[in-house]
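Peer 1: sequence and computational prediction follow.
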Amino acid sequence: MPPRPRFDRRAPVRELPNINDRINYPKLRVVDADGTQLGVINREEALEVAKDRELDLVLVSEKADPPVCRIMDYGKFKFEQEKKAKEAKKKSHQTEVKEVKMRYKIDQHDYDVRIGHAVRFLKAGDKVKCTVIFRGREIQHTALAETLLKRMANDLEEQAEVQQPPKREGRNMIMFLTPRKTPLIKKDKEETAPTRAVRTITTQPRAKSQ
């Protein structure tokens, strides 16, 4: 007996849909494209009806007695099913916690980079853990770290809500942001210039000298 190949390089067998000539049941309960019940008819007659309508005969319930088929545009039906599956996959996004680390003495360029990362994470529907790392005696400057985190929360207020305000955790200070569910409404403060009272002085006409 020849040795069994270590890997089977054959293409996987694809399950073909039960449509048209691949339906082998002699009797079928057929539903027309508009939902009309055509009753129980034989396979050849059902295929002829689908062909006349330039549509497909699709097996929708194999376990029924007799099996149920529907006349439809199978290509369009398959496209809509795949579209619904993609939308459902998007909605079932598993929220993750992404971390953005920095030092309280971070420069402007690196800070902008961290903001960009946080915006990307939030738009993807993930939470963001903002962490300020202390080294050595830097632990004495927790107030500066808290100020930095509050600044970040303010810069990200259009995309995020503060889930947990700045809090010291060991040698770090952390803050949690979550994607904003409701749009931020900013109230524009109209600066009105103070009105000054204008004093009007009435001058009397001078008398003409005679």
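Peer 2: Happy to help now that I have it.
Peer 1: give me the contact list for stretch 26-42.
Peer 2: 43, 46, 49, 53, 55, 57, 60, 64, 66-73 (Cβ atoms under 8 Å, 6 or more residues apart in numbering). (Each C-beta comes from the backbone N, C-alpha and C, glycine too.)
Peer 1: okay, buried residues for the helix or strand containing V30 please.
Peer 2: Element membership for V30 (DSSP states H and E) is strand 27-31. By neighbour count on 16 or more other Cβ atoms under 10 Å, the buried set for strand 27-31 is 28-31.
Peer 1: okay if I get these as a markdown table plus distance to K86 and pLDDT?
Peer 2: Listed next are the buried residues of strand 27-31 as a markdown table, based on distance: Cβ to Cβ, whole Å; pLDDT from 0 to 100:
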| residue | distance to K86 | pLDDT |
| --- | --- | --- |
| L28 | 32 | 93 |
| R29 | 32 | 94 |
| V30 | 31 | 94 |
| V31 | 27 | 92 |
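Peer 1: pick out the most distant pair among those.
Peer 2: L28 and V31 (9.9 Å; Cβ to Cβ).
Peer 1: check which residues of stretch 54-62 are buried.
Peer 2: Here stretch 54-62 shows 55-59 as buried, counting by 16+ other Cβ under 10 Å.
Peer 1: what residues does it touch?
Peer 2: Contacts of stretch 54-62 (Cβ under 8 Å, 6+ apart): 17-20, 23, 25, 28, 30-31, 33, 46-47, 49-50, 67-74, 77.
Peer 1: for stretch 71-91, same thing?
Peer 2: Contacts of stretch 71-91 (Cβ under 8 Å, 6+ apart): 17, 19, 30-33, 46, 49-50, 53, 55-58.
Peer 1: what about 6 Å?
Peer 2: 19, 32-33, 50, 55-58 (Cβ atoms under 6 Å, 6 or more residues apart in numbering).
Peer 1: off-centre distance for that stretch?
Peer 2: Here the centre of stretch 71-91 is set off from its chain's centre by 19 Å, with Cα atoms, centre = their mean, to the nearest Å.
Peer 1: can you dump the C-alpha coordinates of that stretch into PDB?
Peer 2: Extracted C-alpha coordinates of stretch 71-91, given in PDB (Å, rounded to 0.1, in the frame of the first residue of the first chain):
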ATOM      1  CA  ILE A  71     -38.900  30.500  -7.200                       C
ATOM      2  CA  MET A  72     -36.400  33.400  -6.900                       C
ATOM      3  CA  ASP A  73     -33.400  35.200  -8.300                       C
ATOM      4  CA  TYR A  74     -30.800  33.100  -6.500                       C
ATOM      5  CA  GLY A  75     -27.900  35.400  -7.300                       C
ATOM      6  CA  LYS A  76     -29.600  38.400  -5.800                       C
ATOM      7  CA  PHE A  77     -30.700  36.300  -2.800                       C
ATOM      8  CA  LYS A  78     -27.200  35.200  -2.200                       C
ATOM      9  CA  PHE A  79     -25.800  38.700  -2.400                       C
ATOM     10  CA  GLU A  80     -28.400  40.000   0.100                       C
ATOM     11  CA  GLN A  81     -27.600  37.200   2.500                       C
ATOM     12  CA  GLU A  82     -23.800  37.900   2.300                       C
ATOM     13  CA  LYS A  83     -24.600  41.600   2.900                       C
ATOM     14  CA  LYS A  84     -26.700  40.900   6.000                       C
ATOM     15  CA  ALA A  85     -23.900  38.600   7.300                       C
ATOM     16  CA  LYS A  86     -21.300  41.400   6.900                       C
ATOM     17  CA  GLU A  87     -23.500  44.000   8.600                       C
ATOM     18  CA  ALA A  88     -24.200  41.500  11.500                       C
ATOM     19  CA  LYS A  89     -20.400  40.900  11.800                       C
ATOM     20  CA  LYS A  90     -19.800  44.700  12.100                       C
ATOM     21  CA  LYS A  91     -22.400  45.100  14.800                       C
END
